[in-house]
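Asks: Mind folding the following:
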Amino acid sequence: MTAKNIAKQNKAKKKLKYFELKRNDYLALFFLLVFAFVLYGNSIPNDYALDDTIVISGNEFTKSGVKGIKDILSNDAFTGYYGKDNNMVAGGRYRPLSLVTFALEVELFGQNPHINHFFNVVFYFLTCAAIYLFLLYLFKQKLSVNQNKWYLTVPFIATVLFMVHPVHTEVVANIKGRDEILTMLFSVCSLFFYMIYLDKKKIWILLTATVSFFLALISKENAATFLLIIPLTIYFFTNHKIKVEYKSFIPYIVAFVIFLILRQATAQASKLELVDDLMNNPFIGMSFSQKYSTIFYTLGQYFKLMLFPYPLTYDYYPFHVPVVNFGELKSLIPLLIYLAITGLAIWKFKSKSVYVYSILFFLITLSIVSNLFFPIGVFMNERFLFISSFGFLLAIAIIFSEEIPKLIKNVRIYQIGTTLILILIITGFSIQVISRNKVWKDNYTLFTNDVKVSSNSAKGTSLAGEYLIYEAQKTRDPAKKDSLYKLSISYLEKAVEIYPKHVLAWFNLAAANFERNRNYPEAVKAYKKLLAINPNGDKIFQFLFVVLNTCNDIDYKLKVFKEIREINPARFDINNNVANLLMGKKDYSEAVNYFNSALKAEPQNFDALCNLGFCYFQQKNYEGSLNAFLKAEKIKPDDKPLLNNISSAYMVVGNMSKAEEYKHKAIK
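Replies: Alright, predicted model coming up:
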């Protein structure tokens, strides 16, 4: 059956009602409602996980409830978490709609992950219901052998396969995935209403379609692909001429332009500073051929996930996805597959085959997240298949509903056999979805589970190591605590082995070694690696000093500080720490040199000036001592110990009047 035939059948049966839901359609919708909660009901007790912190629990705008909506609508999506100086991701992210829904939920129910998860399931059901109704409209004249079996029709099979497909688990079980759900929901609604408008020619229907499209855009920019999907749908499923209907498409263009203006006004892409970091640009260091070979490898993985969605993981960062060289079969085979289906779609385009429509839907909606045309900051993600999978699953539904009956002439055998096959697929997928929901319980569960799948990912191994530290800090069992720290260290060492410039992994590796058994040499080694990456990193020095301040071995601390000073000899804090340690060892002569080096960086540091004056005094360099003390006095003229020290210095040099003056100042 082709889309062209469907269009002819629709035209031939004008006397039929425009669009009527039958009893079985209501039954199908009820089934979808129940099935959505059967599949994802066990995700509702889950906590926040992964990027939920960015959009909800750590986002100042969403946590403000209704008061935060104005800020949500007028800022980049990540501003509420990172602040105005957002330098964390490539490109702008104007996706306010999902954040608005989170703010409303916070206003009504407080900050509650279970409420957020519940509404994710609700929105998922609504999306699947919209898909079912849209397909009912698209295939409203069904003349196949199974027309009396509603559960074997294209709309129902395609929708159920979409609902149950395990690759969608991330979108539903991760609260942040609501942007994907809303994008699909409003994109389908827009397409549905536009198709109705073509038949009804009611302006309010066109307006509804346009508003739906705009809502899809402000959910996520992927909806822009429907600027191509909509005319394709007209071509494949109606007798309307695009050249005739072009005026009705103008509101869509206006909506898209408004979205672009808003996105440009709020985006902070120009401030990006981390584009050369592997976690934001996975193609760093790759040749042109390696980049595109790796991209086609990921496109092959998308195809594989649609057919065989196991194992699943949130983490496709370097190098769970490997660098692929030109000519390798794991890149070449996907390239040939995509060339074949693209060629088939072009060759059979004029036939208006539903298969061609399915192929084009899949390719067009996947293109925007494929890395082929512009970088998206990651190799791939399961959530990127959410919209595209519709095209793939529509083709599968056509095979089950329309092609198999042509091969199996016995209607009864076909119905029983196809039903059993679908039940087996749905049951298997359902078990996987329900099991996968448990993995999304919280960050600790997610990271420590998926690291076993993405064992060669720098990000995944780093996060698993980090959250094992948190878990170790919570337990009181010494044996378990040591075991968790040990496992954490092994993951973090793997992370920096995969990506030697992984800053967060080095920080956590230092922390794990320190927390486990006060392993100062290993902790210091990690901080030295960090300083090799960023010699001016204030946080690195800050944490290093905190760790070393717990060490009682003064000689070891002094040795480390002197080694660190070789990396950055001009910093105040290094020189000041070395000077203080030398002063404690009564090595006043060398301490003076380091205090003077420190004061070159911060000439107005009160404590360093006081300590320098003290060291000079101990060396009997009373003029030097007075000079340092008097500089310190200008900073804090009412510091009693300093005034007493100045008085003592004047007394030693024989200036008794000044000594008395400063003594009285100290008393006063």
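Asks: Can you give me the neighbour number for Trp347?
Replies: Neighbour count for Trp347, taken as other Cβ atoms under 10 Å: 10. Any C-beta I mention is one placed from the backbone N, CA and C, and that applies to glycine too.
Asks: likewise Asp607?
Replies: There are 15 residues near Asp607, going by other Cβ under 10 Å.
Asks: tell me the SS of it?
Replies: helix (DSSP: H, G, I helix; E, B strand; the rest coil).
Asks: what's near enough to touch it?
Replies: Residues near Asp607 by Cβ atoms under 8 Å, 6 or more residues apart in numbering: Asn576.
Asks: what about it, distance to Asn577?
Replies: Applying Cβ to Cβ, to the nearest Å, the value for Asp607 to Asn577 is 12 Å.
Asks: do Asp587 as well
Replies: 14 Å.
Asks: More neighbours: these two, which one.
Replies: Counting neighbours by other Cβ under 10 Å for Asp587 and for Asn577 shows that Asn577 has the greater number, 25 against 15.
Asks: Would you confirm that the more buried one contacts Phe545?
Replies: Yes - Asn577 is within contact range of Phe545, at 6.5 Å (criterion: Cβ atoms under 8 Å).
Asks: name the helices or strands packed onto the helix or strand harbouring Phe31?
Replies: Assigned by DSSP states H and E, Phe31 falls within helix 23-40. Secondary-structure packing of helix 23-40 (3 or more Cβ pairs under 8 Å, 6 or more residues apart in numbering; DSSP states H and E): helix 113-138, helix 154-164, helix 411-439.
Asks: What are the phi and psi values at Ser353?
Replies: Main-chain torsions, Ser353, degrees, to the nearest 10: phi -70, psi 140.
Asks: for Ile229, that is, sorry about that
Replies: Per degrees, to the nearest 10, the backbone of Ile229 is at phi -60, psi -40.
Asks: That one: neighbour count?
Replies: Residues near Ile229, counting by other Cβ under 10 Å, number 22.
Asks: Just list the residues touching it, thanks.
Replies: So Ile229 contacts 187, 191, 361, 364-365 (Cβ under 8 Å, 6+ apart).
Asks: By neighbours, which of the residues you listed wins?
Replies: Ser187 (29 neighbours).
Asks: just checking, that residue touches Ile387?
Replies: Yes - Ser187 sits in contact with Ile387 when judged by Cβ under 8 Å, with a separation of 7.1 Å.
Asks: Okay, Phe374 and Asn281: tell me how far apart.
Replies: For Phe374, the distance to Asn281 - Cβ to Cβ - is 12 Å.
Asks: Neighbour count for those two, which is higher?
Replies: Asn281 (18 against 9).
Asks: Check the more buried one and give its pLDDT.
Replies: Per-residue confidence (pLDDT) for Asn281: 87.
Asks: Same question for Ala7.
Replies: The model's pLDDT for Ala7 equals 54.
Asks: In a markdown table: the helices and strands packed on helix 23-40, plus mean neighbour count and distance to Met583.
Replies: What follows is the helices and strands packed on helix 23-40, written out as a markdown table (neighbours: other Cβ atoms under 10 Å; distance: least, Cβ to Cβ, whole Å):
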| stretch | mean neighbour count | distance to Met583 |
| --- | --- | --- |
| helix 113-138 | 21 | 52 |
| helix 154-164 | 24 | 71 |
| helix 411-439 | 15 | 55 |
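Asks: so which of these gets nearest Leu344?
Replies: helix 154-164 (20.1 Å; Cβ to Cβ).
Asks: average pLDDT across that closest one?
Replies: 96.
Asks: Tell me the helices and strands packed up against that helix.
Replies: Secondary-structure packing of helix 154-164 (3+ Cβ pairs under 8 Å, 6+ apart): helix 23-40, helix 113-138, helix 389-398, helix 411-439.
Asks: For Arg263, grab the count of nearby residues.
Replies: Counted with other Cβ under 10 Å, Arg263 comes out at 19.
Asks: Secondary structure element holding it?
Replies: Using DSSP H and E, Arg263 sits within helix 250-266.
Asks: So which bits of the helix holding Phe31 are buried?
Replies: Buried residues in helix 23-40, counted by 16 or more other Cβ atoms under 10 Å: 25, 28-29, 31-33, 35-37, 39-40.
Asks: for stretch 349-359, same thing?
Replies: Using 16+ other Cβ under 10 Å as the test for burial, stretch 349-359 gives 349, 352-359.
Asks: Serialize the contacts of Ile229 to JSON lines and add fields for secondary structure, pLDDT and distance to Thr550.
Replies: Below are the contacts of Ile229 laid out as JSON lines (DSSP: H, G, I helix; E, B strand; the rest coil; pLDDT from 0 to 100; distance: Cβ to Cβ, whole Å):
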{"residue": "Ser187", "secondary structure": "helix", "pLDDT": "97", "distance to Thr550": "56"}
{"residue": "Leu191", "secondary structure": "helix", "pLDDT": "96", "distance to Thr550": "62"}
{"residue": "Phe361", "secondary structure": "helix", "pLDDT": "97", "distance to Thr550": "60"}
{"residue": "Ile364", "secondary structure": "helix", "pLDDT": "97", "distance to Thr550": "58"}
{"residue": "Thr365", "secondary structure": "helix", "pLDDT": "97", "distance to Thr550": "54"}
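Asks: from the residues you listed, which two are the most distant?
Replies: Farthest apart among the contacts of Ile229 - using Cβ to Cβ - are Leu191 and Ile364, which lie 12.8 Å from each other.
Asks: and the end-to-end length of stretch 367-375?
Replies: Using Cα to Cα, to the nearest Å, the end-to-end distance of stretch 367-375 comes out at 11 Å.
Asks: How far does it sit from its chain's centre?
Replies: Here stretch 367-375 is found 17 Å from its chain centre; the criterion is Cα atoms, centre = their mean, to the nearest Å.
Asks: which residues touch that stretch?
Replies: 90, 221-222, 224-225, 281, 283, 292, 295, 298-299, 376, 379-381, 384.
Asks: now, which of those lie within helices?
Replies: The helices, defined by DSSP state H, take in 292, 295, 298-299 from the contacts of stretch 367-375.
Asks: possible to save those as a markdown table with distance to Glu660, pLDDT and neighbour count?
Replies: Formatted as a markdown table, those follow (distance: Cβ to Cβ, whole Å; pLDDT from 0 to 100; neighbours: other Cβ atoms under 10 Å):
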| residue | distance to Glu660 | pLDDT | neighbour count |
| --- | --- | --- | --- |
| Tyr292 | 83 | 96 | 18 |
| Ile295 | 82 | 96 | 22 |
| Thr298 | 82 | 97 | 23 |
| Leu299 | 86 | 97 | 21 |
